[in-house]
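Trainee: Below is the sequence, then the predicted model.
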Amino acid sequence: HNPIAGSNPALPAQKPRLRRGFFLLQKSLKIRKVPKMDFEKLALKQPLLRAIREAGYSKPTPIQEKAIPVLLQKKDLCGIAQTGTGKTAAFALPILELLLISGVIRASKCCRTLVLLPTRELAIQVADCFEKYAKFTAIKTACIFGGVSDIPQKRALLHGVDVLVATPGRLLDLIAQKSISLKQIEFFVLDEADRMLDMGFIHDIRKILSMLPAHRQNLFFSATMPSDIVDLAKSILRKDYETIEVVPTFTPVECITQKVFHVGRKQKSLLLKELLFTHPEMNKVLVFSRTKHGANRISETLSKAGIASAAIHGNKSQTKRQEALGNFKTEQIRVLVATDIAARGIDVDNVSHVFNYDLPELPETYMHRIGRTGRAGKEGVAISFCSPEERFELKAIEKALKMKLPEGDSSILEKILATLPKESKPENYQQRKSKKKKFKSPKAQETPKKENTENSPKLEVSSLEMGKSRKKRRNRPGSRARRRLRGEIE
């Protein structure tokens, strides 16, 4: 008799026990269902939601909540948002969703989505975001930019890509070489449009726009909207486009402590070193310089003082820029010195302090600089060095902020000034004055010469002897005329 074969009448009663045992096992192992995210309300596919969950995001930002539903309806969008508001995911996620829905196979040397950015660093960061969100899909992404060899980029474009992130200059070069075609573009994204105009890319953008197909979805993002940006947006977007403006919940004035030190230009490097030595909590510092040579000079000065630092600017090769940025992200170096062009291209978390070694000419640039710290509501510190020549820039910044920047600790400045030698400017000025007094008029110069000739008989020389000495000094052997002259004298 086999009780499991079905002859046992108590067999049906065993099923609840098995279920009860499974639930007890589930409870003991603490197996819980994955909580639903707010991103699921945006009607995205499971591969994208899985990638979002793996990236650690649970709630969409305000611009993502507003932009994703609009873009999923295949409408054109004009977004006004600053860096750090999550705008990359706001256009990357709906584009990936629409690419998955369409299911079109990519053609060789073609792309379906084009994203234009002003700097190499921004292009790399946006391409990394697309790859991160499309991790569990078959969507292919490529990134092209200048400053490096174009052979690997041509190889990546040979079989076609779904998403192409590019800078304008290198894109036009590859189009001229027939390595990429824009005939099959479905989505066109122009990010950091105001920065594009500042860097002089307007002519390149118009060339690229003339190569795009008429039927496409356009996305336009900018931090500010002056009149020239509005004209550019109207030339790109269709008439029924929607505008979304997102004001950041935390403004720099609220979450960033700002200070200013009034110091001479030559003492700025000493003040920077003193602050870094006396404040060990400055573990991730970003220093902004106005010029490329100034950035190199600051980095060399800090390195000689034993402070790990690196410089990043337009003259650096792409490999060196990426190496410096990667070392700064992983905290292998303490200080990263950058220029204004690289200001918007730096996306590093947990920057503790920002130094304005040279004050920028525009208050908007100051806001972008200090916006590298104090992100996502975290506290940050922005310290500015103001020399006497930069007082007008400081007044413009304070006018834009509608507040006067508090001054830094004066004891640090006194300590630095005490170690310096005394200024030599007054002495040099007196020396110049004394030199000016020594110069006399021609009449005054003639009188002492007469007195000297009368009082010094040794200087009396006959005119014949003076002529001989002049001729001896003037003539050198080697020519017939000189030999003739020598014979006449003898």
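Mentor: Yep, that arrived.

Trainee: Could you use CA atoms for every contact and neighbour count after this?
Mentor: Fine.

Trainee: Tell me which stretches of the stretch 101-250 of the chain form strands.
Mentor: Along the stretch 101-250 of the chain, counting by DSSP state E, counting those that start in this stretch, strands occupy 111-116, 141-144, 161-166, 187-190, 217-222, 242-245.

Trainee: Let me know the average pLDDT across the fifth one.
Mentor: This points to strand 217-222. The average pLDDT for strand 217-222 rounds to 90.

Trainee: what do you get for the second one?
Mentor: Per-residue pLDDT values across strand 141-144 average out to 96.

Trainee: One more: the third one?
Mentor: Confidence for strand 161-166, expressed as mean pLDDT, is 96.

Trainee: List the strands paired with that strand, with their directions.
Mentor: Here strand 161-166 has these sheet partners by DSSP bridges: strand 111-116 (parallel), strand 141-144 (parallel).

Trainee: and Met196, how many neighbours?
Mentor: 22 (other C-alpha atoms under 10 Å).

Trainee: and what of Asp231?
Mentor: For Asp231, the count of nearby residues is 11 (other C-alpha under 10 Å).

Trainee: cool, and Thr85?
Mentor: Thr85: 19 neighbours (other C-alpha under 10 Å).

Trainee: Is it correct that it is in contact with Thr61?
Mentor: Yes. Thr85 is within contact range of Thr61, at 7.0 Å (criterion: C-alpha atoms under 8 Å).

Trainee: where along the stretch 51-200 of the chain do the helices fall?
Mentor: Remark: helices assigned in the stretch 51-200 of the chain by DSSP state H, counting those that start in this stretch are 62-72, 87-102, 120-133, 151-157, 168-176, 193-198.

Trainee: who wins for proximity to Gly56 among the ones you listed?
Mentor: Gly56 lies closest to helix 120-133 among the helices of the stretch 51-200 of the chain, at 11.6 Å (C-alpha to C-alpha).

Trainee: Which helix or strand in the chain has the lowest average pLDDT?
Mentor: Sorting the helices and strands of the chain by mean pLDDT, DSSP states H and E puts helix 425-438 at the bottom, at a mean of 44.

Trainee: returning to what we had before: closest one to Thr373 among the strands paired with strand 161-166?
Mentor: That would be strand 111-116 among the strands paired with strand 161-166, by C-alpha to C-alpha, at 25.5 Å.

Trainee: so how far is that closest one off the chain centroid?
Mentor: Mean-position distance between strand 111-116 and its chain equals 22 Å (C-alpha atoms, centre = their mean, to the nearest Å).

Trainee: Please enumerate residues in contact with that strand?
Mentor: Outside of strand 111-116, the residues within contact range by C-alpha atoms under 8 Å, 6 or more residues apart in numbering are 106, 123, 160-168, 180-182, 184-191.

Trainee: what's near enough to touch Met225?
Mentor: Neighbours of Met225 in contact, by C-alpha under 8 Å, 6+ apart: Ile80, Asp194.

Trainee: I'm done for today, thanks for sticking with me.
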